[in-house]
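Asks: Got a predicted structure plus its sequence, pasted below:
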Amino acid sequence: MSKLKGKVAFIGIGEVPTGRFPETAAIYHAIESAKLAIRDAGINKDEIDYVLPCAALFSPAFNTELVTCRIVEELGLKNVKKNCQIFAGGSSSTCATEIAASLINSGAASTILFVHADRLGTGVSLQGGIDLFAQAGISAEWEVPFGQHYSSIAAMCTMRYKYETGCTDEQMAAVCVSNRKWAELNPNAFFRKPLTMEEVMGSKMLSTPLRAKMSNMLFDGGCAFIITSAERARAITEKPVYLLGEGGVVTHFVFSQEPDVARFGWARAGKAAFEMAGLTPKDMDIAEIYDSYPIYQIIGFEELGFAERGQAGEMFLKGDTWPGGKIPTTTNGGMLSQGHTGAGGACALMVETVRQLMGKAGDRQVKNAKFAVETAVGGTYMDAQVTILGTEIP
C-alpha cells in the first residue's frame, strides 16, 4: 500500500443538499453530484474511463440500475471501460479510494468517478427505515431474534466506554453540539438550527444512555468525487488533494465477536495510515471523524491520537473541536447534523475532507489546512478505515 503514497489525487467533488425530497428521483441526486464533480475538476466528461457507483439501500431496483451502467448513460460518457459497483457499507468511499488509486497506479484506469446517491428519507417509509437498520449488517442468526439494533449497539459501546473512562453523558452530548456548530455553516446540512446541551440532555431516552438527539436521522442525498494520477492532477487543477496514507482493519461481523467495543481497530488502522503518510496526529489540521453516534466519534478521536484515553469528551465540551478550535472535527456536521444517507455518511465526509483541503468550504473553511485525516466504518462497526489526505507530499 505504501507504493500508492502521493501517486493519485482528488481533482473534483460534488454534493447535493441532504434532506427530504419526495418529488426528486434518486438518479437526480447521483447525476447532479457527478456533474458538479466534473465541473469542479474542470475536465471534459469523456476523460472519465472508470465509474464506481456506490450501492443505494432504499431500492433494489434503483441499485440494479446503478450496477447496470445508468450513470454512464445519463451522463453521456463515451469512453468508460468499466462500471463496477463498490459497496462496504459506511466504508464504501474509503474502499473506492484505495481501489481507484490501485487501478490508476497500475495503468488500468486514468480518471475515475465515484458516485453515491440514496433516498432513505423519502424512498422508504419511517418504519421501513427503522426495519432496515434493525437488520442490515446484524446477524439474522445470533442478534436480530434477540432485538439487537444499531441504537442498542451504540448504547452498549457507550456504557462500556463510560465504565472504563468515567466519561459523562454531558461529554457525549457535547459531540452533538460540536457537530451542529459546523452544520450551522454548511448549506448542504439538514440540521442547521443551533443545538444546546440542554436540548440534547432533555431529549427522549432511546436506549440507555443514548438519547434521541444523540442519534442520526435518515435522509436523501448524494455526492461524488473524481480521482486521477498525481502527475495529471497537477496539470489539471491548482490544488490537487493527494492520497498520502491508508490503514484498515476488519474486526468482526457479529457484534459480540468484536474484541474491544470501547476501542475497536482504530489504533491499528491509524498507525498504518500515519506511517504510510510519514505524518503524525500533530501534523493534522483537520480530523474528519465518522460519527453515526457520539461514542464512535469520541473513540476514533482518541484512538487516532488526538486526545488521551478518556479525555476527548472534555475537548468536545470546551470547544476544541468547534469552528476556530484547536482541532476542527467533522466539519460538515457529520451524520448527526448533516444527516445519514446510508453509505453516504462517510462518502460525504470524504468529500468534505477534500473540500476543506482545496479551500472550498466557504464559511466553515479551516484556514491554511494542509493535512487531514478521515475515518470510515461499515456495518456494526465491523472495521476501521483511516485515510490521510494532503495538499503536498511529505
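Replies: Thanks, I have it.
Asks: And the strands in this structure, which stretches?
Replies: Assigned by DSSP state E, the strands in the chain fall at 8-19, 50-53, 82-83, 111-119, 205-207, 210-211, 220-229, 241-250, 286-288, 371-376, 383-390.
Asks: what about stretch 385-394, start to end distance?
Replies: Stretch 385-394 has an end-to-end distance of 21 Å (CA to CA, to the nearest Å).
Asks: Distance to C157, mean pLDDT and mean neighbour count added to the strands of the chain, as TSV?
Replies: To be clear about C-beta, it is placed using only N, CA and C from the backbone, and glycine gets the same treatment. TSV is the format used below for the strands of the chain (distance: least, CB to CB, whole Å; pLDDT from 0 to 100; neighbours: other CB atoms under 10 Å):
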stretch	distance to C157	mean pLDDT	mean neighbour count
strand 8-19	25	98	25
strand 50-53	31	98	26
strand 82-83	37	98	16
strand 111-119	25	98	28
strand 205-207	11	94	15
strand 210-211	10	96	24
strand 220-229	26	98	29
strand 241-250	17	98	23
strand 286-288	19	98	25
strand 371-376	15	98	28
strand 383-390	13	98	27
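Asks: can I get those in CSV with distance to I27?
Replies: Below are the strands of the chain laid out as CSV (distance: least, CB to CB, whole Å):
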stretch, distance to I27
strand 8-19, 12
strand 50-53, 11
strand 82-83, 14
strand 111-119, 7
strand 205-207, 33
strand 210-211, 35
strand 220-229, 9
strand 241-250, 27
strand 286-288, 28
strand 371-376, 25
strand 383-390, 28
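Asks: Can you say which of those is nearest to N188?
Replies: strand 8-19 (4.7 Å; CB to CB).
Asks: Tell me what angle that closest one forms with strand 383-390.
Replies: 110 degrees (axes from the mean of the first three to the mean of the last three CA atoms, to 10 degrees).
Asks: rewinding a little: figure out which of the strands of the chain is closest to G362.
Replies: strand 8-19 (12.4 Å).
Asks: What are the buried residues along stretch 31-40?
Replies: I31, E32, S33, A34, K35, L36, A37, I38, D40 (16 or more other CB atoms under 10 Å).
Asks: So what touches it?
Replies: 11-16, 45, 48, 71, 74-75, 113, 115-117, 222-226, 360 (CB atoms under 8 Å, 6 or more residues apart in numbering).
Asks: Try it again at 6 Å.
Replies: 12-16, 45, 74-75, 115, 222-226 (CB atoms under 6 Å, 6 or more residues apart in numbering).
Asks: Can you report how many residues neighbour the closest residue to R180 other than its chain neighbours?
Replies: Among residues not flanking R180 along the chain, L195 sits closest, at 3.9 Å (CB to CB, 6 or more residues apart in numbering). When neighbours are counted by other CB atoms under 10 Å, L195 registers 21.
Asks: how near is L195 to M335?
Replies: Separation of L195 from M335 (CB to CB, to the nearest Å): 14 Å.
Asks: just to revisit the earlier point, of the contacts of stretch 31-40, closest to P209?
Replies: Once CB to CB is applied, the member of those that ends up nearest P209 is C223, at 32.0 Å.
Asks: Return the set of buried residues in the helix or strand of the chain with the lowest mean pLDDT.
Replies: Ranked by mean pLDDT, DSSP states H and E, the helix or strand of the chain with the weakest confidence is helix 126-135, at a mean of 85. Within helix 126-135, the residues that count as buried by 16+ other CB under 10 Å are G129, F133, A134.
Asks: Please tabulate those residues in a markdown table, including the columns distance to Q297.
Replies: A markdown table is the format used below for those (distance: CB to CB, whole Å):
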| residue | distance to Q297 |
| --- | --- |
| G129 | 22 |
| F133 | 18 |
| A134 | 22 |
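Asks: Closest to A273 out of those?
Replies: Closest to A273, out of all of those and judged by CB to CB, is F133, at 28.0 Å.
Asks: what's the residue nearest to the spatial centre of the chain in contact with, if anything?
Replies: Centroid-nearest residue in the chain: A346, 1.3 Å away (criterion: CA atoms, centre = their mean). Neighbouring residues of A346 by CB under 6 Å, 6+ apart: G90, S93, Y290, A376.
Asks: Now for the residues you listed: which two are most distant?
Replies: Going by CB to CB, the pair spanning the contacts of A346 furthest: S93 and Y290, at 10.6 Å.
Asks: Roughly how far does the nearest residue to H29 once chain neighbours are set aside sit from F114?
Replies: Distance criterion CB to CB, 6+ apart; nearest residue to H29, sequence neighbours excluded, is G222 at 3.2 Å. Counting by CB to CB, the separation of G222 from F114 is 11 Å.
Asks: What's the per-residue pLDDT of the residue nearest to R180 here?
Replies: pLDDT, L195: 98.
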